[in-house]
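Chemist: sequence-free structure coming up:
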Ligand SMILES: Nc1ncnc2c1ncn2[C@@H]1O[C@H](COP(=O)(O)OP(=O)(O)OP(=O)(O)O)[C@@H](O)[C@H]1O
């Protein structure tokens, strides 16, 4: 024990000297780099503070260095001492230990690295699942507008809270009800005597005996004061809500009698002011509108949406990952991808809810060009703020106090 203690102390003294030398070198380097900064010459007060902080850091480093070294050395010396004592008692047992111990340590290390790998994979999966769940819940309107609830269930593993949301029974059933054959669907929409207030604010009437007809293959624009209920009209057409009273009709049929997945997934294309993209590739984002679409269909939709040129300009083309919520794209580029996503399902009715109002003049021009192409031959409802958006409309309706007050 005496020899062991002596050796330990010797090592500690020796290595703390090394530690001090390292600390002194660090101090010199840090001071030198500090002096190179102009601020050190101009702001004496700041320099003083920095020097004090640096000195305190170095002291802390020295003491923790000493501690680590002394503890490490003590363990090493003790292990060696144990082996020497063991050898004196039984050389055979010591030999056995020397053979078995490294095997055990090796096996433990292997097992540990295997577990670390599994844990990393599990963490990656949790991160992915959380991302999907976050997007699916945050972008719930976009998911609904494309009738993609079933697909977004791929985020199941992201926790109990998500299960709670999934267990909620939708007040409006997603499937069941009739479908109009595509060859006889004209796309005429009638809002008949609609009154509506949001379920969360029952006392606040948004629409009052609202009447509007969207004739087949015509473009109708709604303008009016902010908060007047324009977007609410679009929400009722998409059946995000049902009217409190009155009927929304498609080709003369009450939309409540029609299959909701078909209505949202195949009949209505919805493009809003802030296009919401998913953190996957451009190809996947456009294909979200029609999961079974071929690559050629995706490219064709992108061409119609004025997006093909800028997409092929990216090094990874259609495989470019757009980042969380499309963060790596400009507003105009996001909007054109959203247009391609809506067009790929070849909708009979297109709803544009202030689709260009968040764009600058140049982006608006290319997006408007895409929209003009996209709207031809379709029934279109435009909700607009800017005059440029509604110039091509066949009918302009002015909304006030929850109903149409003027038609031009
Ligand atoms: N989910 C909701 N729950 C409760 N109230 C809502 C909801 N969405 C909108 N509203 C309210 O309904 C009213 C009409 O909103 P809406 O978005 O339809 O107006 P808007 O004419 O499209 O407005 P803007 O031109 O500013 O977009 C507003 O008073 C708004 O606060």
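Modeler: Nice, thanks for sending it over. All values reported here derive from a predicted model rather than from experimental measurement.

Chemist: Next, the closest residue to residue 145 other than its chain neighbours: secondary structure please.
Modeler: Nearest residue to residue 145, sequence neighbours excluded (CB to CB, 6 or more residues apart in numbering): residue 270, at 4.3 Å. For every residue, glycine as well, the C-beta is placed using N, CA and C. Secondary structure state of residue 270, per DSSP: H, G, I helix; E, B strand; the rest coil, is strand.

Chemist: Report how many residues lie close to residue 270.
Modeler: 26 (other CB atoms under 10 Å).

Chemist: Would you mark the buried spots in stretch 217-231?
Modeler: 217, 218, 219, 220, 221, 222, 223, 224, 228, 229, 230, 231 (16 or more other CB atoms under 10 Å).

Chemist: For the residue nearest to residue 145, name its beta-bridge partners.
Modeler: In this entry, residue 270 is beta-bridged to residue 351, by DSSP bridges.

Chemist: Flag every residue of the stretch 151-300 of the chain that's near the ligand.
Modeler: Contact residues (CB under 6 Å from any ligand atom) of the stretch 151-300 of the chain with the ligand: 198, 200, 201, 206, 226, 227, 228, 229, 230, 231, 232.

Chemist: The first one: what's it in contact with?
Modeler: Spelled out, it's residue 198. By CB atoms under 8 Å, 6 or more residues apart in numbering, the contact set of residue 198 is 204, 206, 232, 241.

Chemist: thinking again about what came up before, which ones among the residues of the stretch 151-300 of the chain next to the ligand are found in helices?
Modeler: Of those, the ones assigned to helices by DSSP state H are 230, 231, 232.

Chemist: count of residues packed around the closest residue to the first one other than its chain neighbours?
Modeler: Read that as residue 230. In this structure, residue 230 finds its nearest non-sequential neighbour in residue 383, 4.5 Å apart by CB to CB, 6+ apart. Residue 383: 24 surrounding residues under other CB under 10 Å.

Chemist: Please verify my assumption that residue 383 contacts residue 235.
Modeler: No: with contact defined as CB atoms under 8 Å, residue 383 does not reach residue 235; the gap is 10.5 Å.

Chemist: Was I right to think residue 367 contacts residue 356?
Modeler: Yes: with contacts counted by CB under 8 Å, residue 367 reaches residue 356, the gap being 5.3 Å.

Chemist: if I look at these two, which residues touch both of them?
Modeler: residue 335.

Chemist: what comes up buried for whatever helix or strand residue 302 lives in?
Modeler: Using DSSP states H and E, residue 302 sits in helix 295-304. Neighbour counts using 16+ other CB under 10 Å place 297, 298, 299, 300, 301, 302, 303, 304 of helix 295-304 among the buried residues.

Chemist: what's the spacing between the last one and the ligand?
Modeler: Read it as residue 304. Using CB to the nearest ligand atom, to the nearest Å, we find residue 304 at a distance of 27 Å from the ligand.

Chemist: And the first one, by the same measure?
Modeler: With the distance defined as CB to the nearest ligand atom, residue 297 ends up 32 Å from the ligand.

Chemist: what stretches of the chain score poorly on pLDDT?
Modeler: Confidence mapping of the chain against pLDDT under 70 gives the ranges 1-69, 122, 125-140, 143, 149-153, 155-166, 325, 357-360, 386-388.

Chemist: can you give me the strands for it?
Modeler: Secondary structure of the chain (DSSP state E): strands located at 189-197, 205-214, 219-224, 245-250, 253-254, 268-272, 349-353, 379-383, 395-400, 403-407.

Chemist: For burial, what's the neighbour tally of the closest residue in space to residue 231 that isn't next to it in sequence?
Modeler: For residue 231, ignoring the flanking residues on the chain, the nearest one in space by CB to CB, 6+ apart is residue 353 at 5.6 Å. Per other CB under 10 Å, the neighbour tally for residue 353 reads 21.

Chemist: what does residue 394 give?
Modeler: The burial count assigned to residue 394 is 12, neighbours taken as other CB under 10 Å.

Chemist: separation between the closest residue to it other than its chain neighbours and residue 382?
Modeler: Spatial nearest neighbour of residue 394, excluding adjacent residues (CB to CB, 6+ apart): residue 218 at 4.4 Å. Applying CB to CB, to the nearest Å, the value for residue 218 to residue 382 is 11 Å.

Chemist: now residue 188
Modeler: 17 Å.

Chemist: do residue 83 as well
Modeler: Noted for residue 83: a distance of 85 Å to residue 382, by CB to CB.

Chemist: and residue 189, what are its bridge partners?
Modeler: Per DSSP bridges, the residues bridged to residue 189 are residue 214, residue 250.

Chemist: so it touches residue 380, yeah?
Modeler: No: with contact taken as CB under 8 Å, residue 189 and residue 380 are classed as non-touching, separated by 10.4 Å.

Chemist: and the closest residue to residue 193 other than its chain neighbours, what is it in contact with?
Modeler: Distances taken as CB to CB, 6+ apart put residue 246 closest to residue 193, at 4.1 Å, once the chain neighbours are dropped. If you count contacts by CB under 8 Å, 6+ apart, residue 246 has them with 191, 192, 193, 194, 195, 196, 209, 210.

Chemist: if we can go back for a sec, between residue 83 and residue 382, which has more neighbouring residues?
Modeler: Each of residue 83 and residue 382 had its neighbours counted (other CB under 10 Å), and the higher figure belongs to residue 382 (26 against 14).

Chemist: how about the residue nearest to the more buried one when sequence neighbours are not counted, what does it touch?
Modeler: Nearest non-adjacent residue to residue 382, counting by CB to CB, 6+ apart: residue 221, 4.2 Å away. Residue 221 makes contact with 382, 383, 384, 389, 390, 393, 395, 396, 397, according to CB under 8 Å, 6+ apart.

Chemist: List the beta-bridge partners for the first one.
Modeler: Note on residue 382: beta-bridge partners residue 221, residue 352, judged by DSSP bridges.

Chemist: Sketch out the helices for the protein, chain order is fine.
Modeler: Using DSSP H, the helices of the chain run over 2-36, 38-42, 44-89, 91-138, 140-145, 160-167, 230-237, 260-262, 282-287, 295-304, 308-313, 331-343, 361-375, 387-390.
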